[in-house]
Each structure stands twice: as C-alpha cells, then as structure tokens.
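Student: would you be able to build a 3D model of this:
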Amino acid sequence: MTSPTEPAHSTIVAVATPRGRGGLGVVRLSGPNALSIAERIFRSKKSLSGRPRCVQYGQFVGGDGKQIDAGLAWFMQGPSSYTGEDTVELSCHGSELVVELLVEAALQHGAVVAERGEFTQRAFLNGRLDLLQAEAVLDVIQAGTRRDLAAALGAAGGRLSDEIRRVREATLQCIVQVEAYLDFADEDIEPQAITIVREDLSRITDSVQQLRQGYEGAKRRRDGWMVLLVGPANVGKSTLLNALAHEERAIVAATPGTTRDWVDARVVWGGELLRIVDTAGLRPGSDKVEMEGVRRTQELATEADVLVLVLDGATPWPTQISGSEIVSKAQVVVLNKQDLGLATHLPEGPGWPKTVVPVSAKTSMGLGRLQEALLEALPRESGEEARGIFRERHDALLAACEQALKRASGALRAEPEKAAADLWEALRQTDELLGEEIGDEVLDRIFQEFCIGK
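Tutor: Numbering: from 1, shown residues only. Modelled structure (predicted):
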C-alpha cells in the first residue's frame, strides 16, 4: 500500500458494492488513467471527458470489444473528487459475472486491483480528508445505532477534527507562553503569566475529558447493548430468543437444561443494536457441565445492560429462584406462554413491581410490547452527545494527551522545562490523531480495516 510520503501513480479499480447478486453493481476507478481506461470499456453518445459529473447511459464492453452490459457511468475530475484524483464510477446490473468482467476489462487496459481502503487512503494522502475523517468513513459504514451514525457523520464532516484542532491550537499557545518564560527567565515577567497558562491548561484538559466521556458508552453500543435472558429451565427462553430474532439461533427442546451455555442474536430496533443472550436455566445442576452453564449465567448478569427474567406464566411462581440476586436485579419480567393462561403470582417487596410483560413466544403475542420495554430499559444517557469518540486509537491518544497536559500543569512553577516537554508531547498526540505525524505501520493497519472498494 502507498506510504504517507509516496505519491500514487497507478490507476486502481475495485467493486464498490457487496459481493453477490443484486439489482446494482458499482465498479470504481481512480488514478491518472481512470478516464482513458473508462472510455475504452464504456461507450456512449457523448464522451465522459466532455461532461464531468454528469451521468451518462451507454454500453460496457470487454477487452475483446464484446458487450458485457448496459448501464451508467460518470466522471469526477481531480482534485474535486473523493480521492483527489480523476475518478470514474461504472454502474451496472448486480451480476457477479458482469462486475467481474468489468474489473477484468479495466485490468486489461492497465488498471491494478485496489487494496483494502486504498480509495480512502488516497483521499487522505491527497489532502481531501484528515485521518479522523478517513476513519469516520468506515465508522459510517459500520454504525449500528442512530447515535453512532450521527457521530460518524459528524466526524466525517470534520466536526471532530475541528475540536481536536482547537485543542491543538490552545496547547500550542501554552507552549509559546512557557517557552517565552524560559527564554526571558532573567527579566521581569509578571508571575501571573504562569497562573494564566495553568488556567488555560485546565480548560484544555476539560475539553479533552469531555471528548473522551462518550467512549465507553459508544463502544458498548457498537458491540450491542447486552440483553440477558435468565430464568428457570424450560420456561421458553430459547423460543423467545428465536422469536425476537426471527430466526433459529437457539436449540429449542422440552428437556430441561438444553441450553447449557449461552447463545446470542443481534437485532436492530428503533435505531439501537441489541445483543440478546439466552442462558442456561437457573436450577440446581444435575452435572458439572450444567452447573458451569449456570455459573456463566451469573457471571454474564454482572455485565448485562438489561436483565430479563423469563418465567413460565402458566405455572405458579418458581420457589427455587426465590432470593436469587439475579432475580432481584432484573429490570423486566417476561411471563411467557400467555396463550396457555396466566397463573404466576409475582412476589411483593423491595424491587417489585418490575416492568412485567406477558407474551407468547410460540404465537408472538406481546412481542411488540416486549421490544418497547427492552428499549425503555436501556441505560441510555439523554444528555450524552454524539461526539464521535468511539475508536480505541482516539481514546488512547486523547488519554495520553490528557496525562501530558496534567503533568505540564503540575510542573509549571517548579520545573518549567519539564512542563514545556510535556506540552510538546500533548501536541504530538493531537498531530497523530489528525494523521499529521503517523508511521506507515499504523496507517496501513487503519486502512486494512476497510473493505476493498472504499
């Protein structure tokens, strides 16, 4: 892959749509010969070069001149394109054969196959995006919730970069003040100058901390809010999981203890990604394997965002779970098998009543209300903004920046030289965030996360 200091001279090609059959397929070309290659495999009444950014209809032909398909093409002239280079996109029918023949034709005319993320990497190398914006492109693609999508779109549009640049500029101003203090230490400089720098550092540190605040929540949302189904054996937890996920993810059987480990399914409801986990039944185990399943259920309960107690609503309250810590912590109680009639009398006392939802996993009765109850129980913070910090790289660099700022503040009066060094370290962290100082290995690792064609 091209390094940060190496200009790209090749013309790359890749399929920009997912593999498999579909209604539409897009093949993308970028580089100095993108237009000439495209004009050899796309024939229309007017040339692509004569009408930049205009969609044209025509015929796609292979290297042998035979027609491959009919479709659309458009030319975007560099540097006003996504990559900053001449770019052409070819839109054809979503046949695997058609898109493969189009790529093959481009290769025959001199293009090379793009590597993972190479289109976005070229956009970064050509100054069209900084590194935070480039990473946000992938975050838009991978966003699993509306909040994460909003954060990713904001970062892709430069909002996060602007905030980091404000931190950088303020840090640089502090460096100027401290360096001036060191250069003119023998002269009369107002002692309050250092106090002002310390106040500025406090404000900068607060800004960095605010940027980091949403990271853990965003990371949890990206993996999916964990909704844990717990309860006695044979109450229909597995059937409920399958009904909520609309697929057969868990083994469903009438034998108690069938689920000895956990099974999960991911669903998106109301713009939120939920990871619904089915667990082993809460009952005295008859063997070591089953007892281990129960132990894991108890362990997962400490990590769950929402704990759901599932009961057989057609039977009396199961006394074997009375006093269980998991039961006391459950936010939602599901009375399953509503179609057989309800006979469970819930206990009274601390922690009760909880949100109780009668359902029938077998007939799907009440599942809509259960979805609403689970979404309402998610530990979302209403005041939390979509700030865009949901990458480990961002959090690690901001954490290092924060620590360097704190060290500088503490050393200002006694060791101003050390404070200056720490401020330069904080500045380097912001530069690495923006991609202004970053090694080839880190850059390649970032873009290897992308799919080919983006």
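Student: the helices in the stretch 151-300 of the chain, which residues?
Tutor: Remark: helices assigned in the stretch 151-300 of the chain by DSSP state H, counting those that start in this stretch are 159-183, 192-213, 215-223, 237-245, 288-301.
Student: any chance of those helices in JSON lines, plus distance to Pro358, mean pLDDT and mean neighbour count?
Tutor: C-beta: built from backbone N, CA, C; applies to glycine. Rendered in JSON lines, the data for the helices of the stretch 151-300 of the chain read as follows (distance: least, C-beta to C-beta, whole Å; pLDDT from 0 to 100; neighbours: other C-beta atoms under 10 Å):
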{"stretch": "helix 159-183", "distance to Pro358": "45", "mean pLDDT": "89", "mean neighbour count": "17"}
{"stretch": "helix 192-213", "distance to Pro358": "39", "mean pLDDT": "88", "mean neighbour count": "16"}
{"stretch": "helix 215-223", "distance to Pro358": "29", "mean pLDDT": "71", "mean neighbour count": "17"}
{"stretch": "helix 237-245", "distance to Pro358": "12", "mean pLDDT": "89", "mean neighbour count": "23"}
{"stretch": "helix 288-301", "distance to Pro358": "23", "mean pLDDT": "67", "mean neighbour count": "16"}
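Student: out of these, nearest to Tyr57?
Tutor: The minimum distance between Tyr57 and the helices of the stretch 151-300 of the chain falls on helix 159-183, with 37.8 Å, by C-beta to C-beta.
Student: and the contacts of the closest one?
Tutor: Applying C-beta atoms under 8 Å, 6 or more residues apart in numbering, the contact partners of helix 159-183 are 130, 132-133, 136, 154-155, 189, 193-194, 196-197, 200-201, 203-204, 207-208, 211, 387-389, 401, 405, 408, 412, 416-417, 419-420, 423-424, 426-427, 430-431, 433-434.
Student: how far off centre is it?
Tutor: 30 Å (C-alpha atoms, centre = their mean, to the nearest Å).
Student: kindly report the same for stretch 333-346.
Tutor: Going by C-alpha atoms, centre = their mean, where stretch 333-346 is centred and where its chain is centred differ by 38 Å.
Student: buried residues in that stretch?
Tutor: Neighbour-count burial for stretch 333-346 flags Val333, Val334, Leu335, Asn336, Lys337, Gln338, Asp339, Thr344 (criterion: 16 or more other C-beta atoms under 10 Å).
Student: then stretch 302-314?
Tutor: Ala304, Asp305, Val306, Leu307, Val308, Leu309, Val310, Leu311, Asp312, Gly313, Ala314.
Student: with stretch 264-281 instead?
Tutor: Buried, per 16+ other C-beta under 10 Å, within stretch 264-281: 264-265, 267, 272-281.
Student: out of these, which is nearest to Glu441?
Tutor: Leu273 (31.2 Å).
Student: from what I see, that closest one and Thr145 are in contact.
Tutor: Yes: Leu273 lies in contact with Thr145 (C-beta atoms under 8 Å); the separation is 5.4 Å.
Student: tell me which two of the buried residues of stretch 264-281 sit farthest apart.
Tutor: Glu272 and Gly281 (27.5 Å).
Student: using a markdown table, lay out the helices of the stretch 151-300 of the chain together with distance to Pro32.
Tutor: Output for the helices of the stretch 151-300 of the chain, formatted as a markdown table (distance: least, C-beta to C-beta, whole Å):
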| stretch | distance to Pro32 |
| --- | --- |
| helix 159-183 | 28 |
| helix 192-213 | 39 |
| helix 215-223 | 38 |
| helix 237-245 | 49 |
| helix 288-301 | 55 |
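Student: picking up where we left off before, show me which of the buried residues of stretch 333-346 is closest to Pro379.
Tutor: Taking C-beta to C-beta as the measure, Val333 is the one of the buried residues of stretch 333-346 closest to Pro379, at 18.0 Å.
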